[in-house]
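**Q** can't give you the sequence, but here's the structure:
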């Protein structure tokens, strides 16, 4: 994921709660990776840390849900 795609997520007016819940497992994994890489730069995007923390929570929520196994395979 390039920085313009990451910025598109970070600036989405719906906010992380709504956006993260709508992502497929693959999209969520890609976003988590992009956020992690961005946070490992000298000047991460504004809001990236909050998005990363919420994305980790969403990933954990899906893993802990009764149908988490199905979601992980999708």
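**A** Good, I have the coordinates. In this text the structure is predicted, and so the values were computed from the model without any measurement. Residues are numbered from 1 along each chain as shown.

**Q** what helix or strand does residue 18 sit in?
**A** According to DSSP states H and E, residue 18 maps onto helix 16-22.

**Q** Show me which residues of that helix are buried.
**A** 16, 19, 20 (16 or more other C-beta atoms under 10 Å). No exception for glycine: its C-beta is placed from N, CA and C like everyone else's.

**Q** For the helix or strand following it, give the mean pLDDT please.
**A** Next in sequence after helix 16-22, counting helices and strands by DSSP H and E, comes helix 25-39. Averaging pLDDT along helix 25-39 yields 97.

**Q** go on, stretch 7-14?
**A** For stretch 7-14, the mean confidence score works out to 96.

**Q** backbone phi and psi for residue 44, please?
**A** Phi and psi for residue 44, reported as degrees, to the nearest 10, are phi -60, psi 160.

**Q** separation between it and residue 24?
**A** 25 Å (C-beta to C-beta, to the nearest Å).

**Q** So for these two, which residue has more residues nearby?
**A** A count of neighbours by other C-beta atoms under 10 Å puts residue 44 above the other of residue 44 and residue 24, at 15 against 10.

**Q** top helix in this protein by residue count?
**A** Taking DSSP state H as the criterion, the chain has its longest helix at helix 48-64.

**Q** buried set for that helix?
**A** 48, 51, 52, 54, 55, 58, 59, 62.

**Q** Which of those residues sits closest to residue 7?
**A** Nearest to residue 7 among the buried residues of helix 48-64: residue 48, at 9.7 Å, using C-beta to C-beta.

**Q** Show the contacting residues for that closest one.
**A** Contacts for residue 48 were tallied using C-beta atoms under 8 Å, 6 or more residues apart in numbering; they are 6, 10, 35, 38, 39.

**Q** Next, format those residues as a markdown table and append neighbour count.
**A** What follows is the contacts of residue 48, written out as a markdown table (neighbours: other C-beta atoms under 10 Å):
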| residue | neighbour count |
| --- | --- |
| 6 | 20 |
| 10 | 19 |
| 35 | 26 |
| 38 | 20 |
| 39 | 13 |
